[in-house]
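Asker: structure of the sequence below:
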Amino acid sequence: MAVLIPALGSCVSRKTPGERRLAERLEQKLEDDYLLWYDVPMGPRDTHPDFCVMHPRRGILVLEVKDWKPSSVRVPTKKTDQSWTRYGE
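Answerer: Next up, the predicted model:
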């Protein structure tokens, strides 16, 4: 099981549902030598990606989680560039 920093229980209130699900899956499914950082500042601008997955031999993977449902996606209509409708309408 991978190590999540900070621990899942200590930061669960500030995670979105999608971030919580991904944190649980990553922690459970990855091997012991993976290190997962949640919401850690990175780079010269101190941006905060959702997850930084690190492995000593496989490298670093930075993940940004986006929670969405098909009903929340909006697409432009063919009439004008300024008219948007929900996906599937």
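
Asker: now do the strands in this protein.
Answerer: 3-5, 35-38, 51-55, 59-63, 74-76, 84-86 (DSSP state E).

Asker: for these, give me a markdown table that also has mean pLDDT, mean neighbour count and distance to residue 15.
Answerer: Every residue, glycine included, has its C-beta placed from N, CA and C. Shown next, in a markdown table, are the strands of the chain (pLDDT from 0 to 100; neighbours: other Cβ atoms under 10 Å; distance: least, Cβ to Cβ, whole Å):
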| stretch | mean pLDDT | mean neighbour count | distance to residue 15 |
| --- | --- | --- | --- |
| strand 3-5 | 90 | 16 | 11 |
| strand 35-38 | 94 | 20 | 7 |
| strand 51-55 | 95 | 17 | 10 |
| strand 59-63 | 96 | 12 | 13 |
| strand 74-76 | 67 | 11 | 25 |
| strand 84-86 | 61 | 11 | 26 |
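
Asker: quick one, grab the pLDDT at the most centrally placed residue in the chain.
Answerer: Residue closest to the average C-alpha location in the chain (Cα atoms, centre = their mean): residue 65, at 2.3 Å. Turning to residue 65, the model gives it a pLDDT of 92.

Asker: ok, now residue 81?
Answerer: In this prediction, residue 81 has a pLDDT value of 59.

Asker: could you pull out the helices for this structure?
Answerer: For the chain, the helices defined by DSSP state H cover 17-29.

Asker: test my guess that residue 55 contacts residue 32.
Answerer: No. Counting by Cβ atoms under 8 Å, residue 32 is not a contact partner of residue 55; they are 10.6 Å apart.

Asker: test my guess that residue 15 contacts residue 21.
Answerer: No. Contact criterion Cβ under 8 Å: residue 15 and residue 21 do not qualify, at 9.2 Å.
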